[in-house]
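Novice: below is the structure, and that's it, no one-letter string:
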């Protein structure tokens, strides 16, 4: 990709992942001799559904604790 200015480029790469429809687009800077077959990732998008949680438990603290308990 070509950017019109350095600030635009930094903004794009600072976010690291973009949600697009049903998936995630991850960007990284080009490196010489890049081998797509040898590339690996250490993150994956995971969706979970937890039904019937009372509204009083929908806080960042509780949701984070639930995610931690699932080892996410």
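Specialist: In hand now; what should we look at? Note that the coordinates shown come from a computational prediction; the quantities given were computed from them, not determined experimentally. Numbers count the residues shown, from 1 in each chain.
Novice: what residues are bridge-paired with the residue nearest the centre of the chain?
Specialist: In the chain, the centroid-proximal residue (CA atoms, centre = their mean) is residue 17; its distance is 4.7 Å. Counting by DSSP bridges, residue 17 forms beta bridges with residue 26.
Novice: that one contacts residue 25, doesn't it?
Specialist: Yes. At 7.0 Å, residue 17 and residue 25 qualify as touching, with contact defined as CB atoms under 8 Å. All C-beta atoms are positioned from the backbone trio N, CA, C, and that covers glycine.
Novice: any stretches of this structure with poor pLDDT?
Specialist: Applying pLDDT under 70 to the chain flags the ranges 1, 16, 42-43, 45, 72.
Novice: so residue 11 sits in a helix?
Specialist: Yes. With DSSP: H, G, I helix; E, B strand; the rest coil as the criterion, residue 11 is part of a helix.
Novice: strands of this structure, start to end?
Specialist: Ranges of strands in the chain, per DSSP state E, are 17-20, 23-26.
Novice: which residues touch residue 9?
Specialist: Each residue near residue 9 by CB atoms under 8 Å, 6 or more residues apart in numbering is listed here: residue 3.
Novice: gap between it and residue 27?
Specialist: 10 Å (CB to CB, to the nearest Å).
Novice: can you check residue 38 too?
Specialist: Per CB to CB, residue 38 is found 18 Å from residue 27.
Novice: okay, those two: which has more neighbours?
Specialist: Neighbour count, other CB atoms under 10 Å: between residue 38 and residue 27, residue 27 has more, with 11 against 7.
Novice: quick check: that one touching residue 12?
Specialist: Yes. Counting by CB under 8 Å, residue 27 touches residue 12, with 6.6 Å between them.
Novice: for stretch 49-65, measure first residue to last.
Specialist: By CA to CA, to the nearest Å, the extent of stretch 49-65 from end to end equals 15 Å.
Novice: next one: stretch 14-22
Specialist: Terminal residues of stretch 14-22 are spaced 22 Å apart (CA to CA).
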